[in-house]
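Asker: Need the 3D shape of this:
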Amino acid sequence: MKLIQSMTPEKRNEMMLSAPVSHVIPRLAVPTIISMLITAIYNMADTFFVSQLGTSASGAVGVIFSAMAIIQAISFMMGMGTGTNVSQALGAGDEERARRYASTGFFTAFGVGIVIAALALSNIDWLVRFLGATETIAPYAKDYATYIFYAAPFMMCSFVMNNLLRFEGLAAYGMLGITTGGILNMILDPIFIFGFGLGTAGAAIATAISQLVSFSILLFMSNTRPDAIHISPRHFRPTLSMYGRILYIGFPSLGRQGLASVSTIILNTAAGIHGDAAIAAMSIVSRFIMFINSTVIGFGQGFQPVCGFSYGAGKYSRVREAFRFCVKVSTLILFVLACGSMLFSEQIVTLFRRDDPLVIAIGTKALRLQLCTLPLWGFVVMGNMLTQSIGYGLRATLLSTARQGIFLIPLLLVLPSMLGLTGIQIAQPISDIFTLIFTILIVSGVLRQLKSKPDRT
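Answerer: Here you go, the predicted model:
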């Protein structure tokens, strides 16, 4: 219960600006990591349960995942952009500005979610084809996508509120909402898919209900906890300048996940040439790699509020200290997880699609290749979060779009035509190597700039 106790603004500032980074970052990271893991687990649960319906149904989840990633990308853009401004405002002691940003981000996300749902549902047949569905996958993809889009406004607001609470140093509140919804989703999946015989639509309905529950809990926590910035229509007073700040800081998240969706569409299209088994295999690998990456992303998200508060307060040496600490810890975590997963790669893929040897063979090779470069993600993720949290929007955008955009998309367009299925399987590891080199070049310059700035007293 210690993690969800209220804290005064004075205690929060003391924790963010004075406590040892080796203590405060793990404290903030633990609830975020739990939230990320639960989200990744229930994403894998959808894949696992739907996979029992057949290879085409399994492929449908992978196809619609790119659409969900677009929704998440826009949500994270609003959440990260809003949350960073909130944390910097709190670090500077301006709580009124923090309230205005929080309410602006929330209500804007809800409106955008309604627009996305309306456009997607009115063009659902064209959309699933555009996302890479084959003739046999399309019916399953349509069933799955319909209910996902109904939940889009609530899904988007949940992501925004979770980010707001995290940037306020209250990640435990966000964890309660996200984990409750995630656990509920895993319980409802088999009930709706098999118990009610709803198939892929049942998995989507379970996700939609779970998102609505998470939304309700997060809104309750935001507006009833005394240490949280409350969301209210009276604080919804947006200006072009505010939207400019939100978009500038949040755009790296849109770029990262938006281009990830584009690369997933290209991947599905390239894999589709080799049949539904290739799409299903790459979908399984993507979900599992996301599960592993969620640990380091969650750890980095414990770094971000410390980074934003410290930068807003002019404690630049603390920003650098926190960055170095997070790179060391995250690289070690990824190395251990990569080694462990490498030993059981075939068993991991088999768990999702036991009855299809071709899916197992394709997925096992792809998973092992991606695990080889997984430890590189420690520096890449922390470099991206550093530049975004201190408001270096352009450099953060370049870093966020590198791995699954600047490098991966050209590789997916070129390598499959040269190497066939192997080209699809090696595209991501090669992209990871290029991204690390690119990140080192940019982040080194940012760290030098921070080192040249004297701390404000």
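Asker: list the buried ones in the helix or strand residue 100 falls within?
Answerer: Using DSSP states H and E, residue 100 sits within helix 95-121. By 16 or more other Cβ atoms under 10 Å, the buried positions in helix 95-121 come out as 97-110, 112-113, 116-117, 120. (C-beta placed from N, C-alpha, C; glycine too.)
Asker: now stretch 389-396
Answerer: Buried, per 16+ other Cβ under 10 Å, within stretch 389-396: 389, 390, 391, 392, 393, 395, 396.
Asker: what does stretch 159-171 give?
Answerer: In stretch 159-171, counting by 16+ other Cβ under 10 Å, buried: 159-171.
Asker: where do the helices sit along the stretch 201-350 of the chain?
Answerer: Shown for the stretch 201-350 of the chain, the helices assigned by DSSP state H, counting those that start in this stretch span residues 240-272, 276-312, 316-343, 345-352.
Asker: looking at these, which is closest to residue 224?
Answerer: Of all the helices of the stretch 201-350 of the chain, the one in closest proximity to residue 224, counting by Cβ to Cβ, is helix 276-312 (20.8 Å).
Asker: ok, residue 144 to residue 453 distance?
Answerer: Using Cβ to Cβ, to the nearest Å, residue 144 is found at 50 Å from residue 453.
Asker: In terms of neighbours, single out the busier of these two.
Answerer: residue 144 (28 against 12; other Cβ atoms under 10 Å).
Asker: how much space between the more buried one and residue 133?
Answerer: In terms of Cβ to Cβ, residue 144 sits 10 Å off from residue 133.
Asker: Between the two, which contacts overlap?
Answerer: Common neighbours of residue 144 and residue 133, counting by Cβ atoms under 8 Å, 6 or more residues apart in numbering, are residue 60.
Asker: what's near enough to touch the residue lying closest to residue 16 once chain neighbours are set aside?
Answerer: Once flanking residues are discounted, residue 16 sits nearest to residue 309: 3.8 Å by Cβ to Cβ, 6 or more residues apart in numbering. Counting by Cβ under 8 Å, 6+ apart, residue 309 makes contact with 13, 16, 17, 87, 88, 90, 91, 169.
Asker: Kindly state the pLDDT recorded for residue 309?
Answerer: Predicted confidence (pLDDT) for residue 309: 86.
Asker: how near is it to residue 32?
Answerer: 15 Å.
Asker: Same question for stretch 215-230: list its buried residues.
Answerer: Those would be 215, 217, 218, 219, 221, 222, 225, 228, 229, for stretch 215-230 by 16+ other Cβ under 10 Å.
Asker: ok, of these, which one's closest to residue 320?
Answerer: Nearest to residue 320 among those is residue 229, at 27.5 Å by Cβ to Cβ.
Asker: Contacts only, for the closest residue to the closest one other than its chain neighbours.
Answerer: Spatially, and ignoring its direct neighbours in sequence, residue 229 is nearest to residue 102 (4.6 Å; Cβ to Cβ, 6+ apart). Remark: with contacts taken as Cβ under 8 Å, 6+ apart, residue 102 is in contact with 82, 86, 164, 222, 229, 230, 231, 235.
Asker: ditto for residue 78
Answerer: Per Cβ under 8 Å, 6+ apart, neighbours of residue 78: 105, 108, 109, 112, 156, 159, 160, 246, 250.
Asker: which one is residue 327 nearest to, not counting chain neighbours?
Answerer: Leaving out its chain neighbours, the residue that sits closest to residue 327 by Cβ to Cβ, 6+ apart is residue 382, at 4.9 Å.
Asker: Pull out the buried positions in the helix or strand encompassing residue 143.
Answerer: Assigned by DSSP H and E, residue 143 belongs to helix 138-150. Of all the residues in helix 138-150, those buried under the rule 16+ other Cβ under 10 Å are 138-150.
Asker: quick one: which of the residues you listed is nearest residue 175?
Answerer: Nearest to residue 175 among the buried residues of helix 138-150, with distances taken as Cβ to Cβ, is residue 148, at 23.1 Å.
Asker: gap between that closest one and residue 365?
Answerer: With Cβ to Cβ as the criterion, residue 148 and residue 365 are 30 Å apart.
Asker: which residues make contact with the next helix or strand along the chain from the helix holding residue 100 from outside it?
Answerer: For helix 95-121, the following helix or strand on the C-terminal side (DSSP H and E) is helix 124-130. Residues outside helix 124-130 that contact it (Cβ under 8 Å, 6+ apart): 63, 64, 67, 120, 138, 141, 142, 145, 146, 149, 265.
Asker: Centre of the chain to helix 124-130, how far?
Answerer: Centroid displacement of helix 124-130 relative to its chain, using Cα atoms, centre = their mean, to the nearest Å, is 24 Å.
Asker: One more: stretch 40-48?
Answerer: Taking Cα atoms, centre = their mean, one finds stretch 40-48 lying 14 Å from the centre of the chain it belongs to.
Asker: what about the protein, any weak spots by pLDDT?
Answerer: The model of the chain has pLDDT under 70 over residues 1-9, 42-43, 256-258, 260-261, 457.
Asker: Quick check: residue 447 touching residue 319?
Answerer: No - judged on Cβ atoms under 8 Å, residue 447 makes no contact with residue 319 at a distance of 9.2 Å.
Asker: More neighbours: which of those two?
Answerer: More crowded of residue 447 and residue 319, by other Cβ under 10 Å: residue 319, with 27 against 16.
Asker: For the more buried one, list the residues it contacts.
Answerer: By Cβ under 8 Å, 6+ apart, the contact set of residue 319 is 307, 310, 311, 386, 390, 450.
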